[in-house]
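Undergrad: Sequence first, predicted coordinates after that:
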Amino acid sequence: MDRAVVLMYHRVGASANAWERKYCVSPDAFESHMKKLAAKGMRAVPIDDFVAWIQSGPELPDGSFLLTFDDGFLGVYEHAYPVLRDLGWPATVFLVSGLIGGKDEWCRRENPSGATYPLLNRDQIEEMRGRGFSFHSHSRSHADLTCLDDLELEAELAGSRADLESLLGNPIPFLAYPYGRYDERVLEAARKAGYSAAFSVQPGFNRPGRVDPFRIRRLDVFGTDTPSALARKVSLGSNDGDLKHALGYYWSRAANRVRSVVR
């Protein structure tokens with residue numbers, strides 16, 4: 001396999017306004033998404049296998065993809081976990097280590113309604129770990145890492161890793177940047193904190209030996225995405241699952257092939 005995608009979900013549950021609907025996928029929609037991918041012959045793989053493949057390690061089976069959830073919302077346990085358990089698919093949750101068992105406090109100032117939602121607690125995390133879920137770092141407080149001074153940055157990155165290693169009793173080698181924001185200073189701090197790979201929100205395909213392990217690409221999954229739109233995103237390696245976009249992409253490829261033959 002020469003390329004693969006990483007899907008990025010956030011909350012799975014009910015949404016109360018347009019702001020929430022962007023990153024909140026309904027339980028029915030999530031189940032339909034997974035069934036659509038399965039029908040296409042795709043299968044989620046463990047994060048360790050995926051990162052090893054990126055670093056030119058063992059080959060992945062055709063149709064492999066990585067399934068990730070940012071923030072660690074309770075809805076992942078309530079709604080996504082049963083679907084994935086039935087499919088036998090693994091997934092990765094990036095946890096905000098200082099808010100486990102609490103709420104998404106960073107959204108209090110971002111959500112127009114001021115609403116917050118519960119996050120996974122230790123017991124739920126432990127149950128999911130036994131059924132194919134892995135857990136890694138999304139910082140300690142969900143801060144914009146690019147806005148922190150060096151000591152604050154160390155506390156967010158090394159601190160989160162230490163928190164999670166103490167909680168889970170295993171190494172925490174992977175990070176997802178909060179808000180997807182990073183710069184060279186943040187990348188260096190992540191390496192210094194002991195991470196071996198990190199996930200961005202830059203869309204596109206990942207290819208072995210051709211992607212920086214600290215800039216792994218992911219596709220946003222929106223609450224408005226139909227199963228067909230998600231399938232188009234996966235086929236195109238794009239955040240745009242609109243049918244017109246897909247038709248334009250394939251038309252452009254066909255035209256380029258014709259031009260190359262004529263020449």
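TA: That came in fine, so what should we check first? Remember, predicted model here, so these are calculated numbers, not experimental data.

Undergrad: drop to CA atoms for contacts and neighbour counts, all remaining ones
TA: Fine.

Undergrad: what ranges do the strands span in the stretch 51-200 of the chain?
TA: 64-71, 91-95, 133-137, 174-176, 197-199 (DSSP state E, counting those that start in this stretch).

Undergrad: Just the pLDDT at the closest residue in space to Phe133 that isn't next to it in sequence, thanks.
TA: Leaving aside its chain neighbours, Phe133 sits nearest to Ala91 (5.0 Å; criterion: C-alpha to C-alpha, 6 or more residues apart in numbering). pLDDT, the model's per-residue confidence, is 98 for Ala91.

Undergrad: ok so, going back, as CSV, the strands of the stretch 51-200 of the chain with distance to Pro213 and mean neighbour count would be great.
TA: Shown next, in CSV, are the strands of the stretch 51-200 of the chain (distance: least, C-alpha to C-alpha, whole Å; neighbours: other C-alpha atoms under 10 Å):
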stretch, distance to Pro213, mean neighbour count
strand 64-71, 14, 22
strand 91-95, 16, 24
strand 133-137, 15, 25
strand 174-176, 10, 24
strand 197-199, 5, 21
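
Undergrad: Could you dump these into a markdown table and include distance to Arg122?
TA: Listed next are the strands of the stretch 51-200 of the chain as a markdown table, based on distance: least, C-alpha to C-alpha, whole Å:
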| stretch | distance to Arg122 |
| --- | --- |
| strand 64-71 | 14 |
| strand 91-95 | 11 |
| strand 133-137 | 11 |
| strand 174-176 | 19 |
| strand 197-199 | 23 |
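
Undergrad: between these, which gets nearest to Asn111?
TA: Evaluated over the strands of the stretch 51-200 of the chain, closeness to Asn111 peaks at strand 64-71, with 15.0 Å, by C-alpha to C-alpha.

Undergrad: So which residues make contact with that closest one?
TA: Residues from elsewhere that reach strand 64-71 (C-alpha atoms under 8 Å, 6 or more residues apart in numbering): 4-11, 42-47, 50, 76, 90-96, 104, 119, 138, 176.
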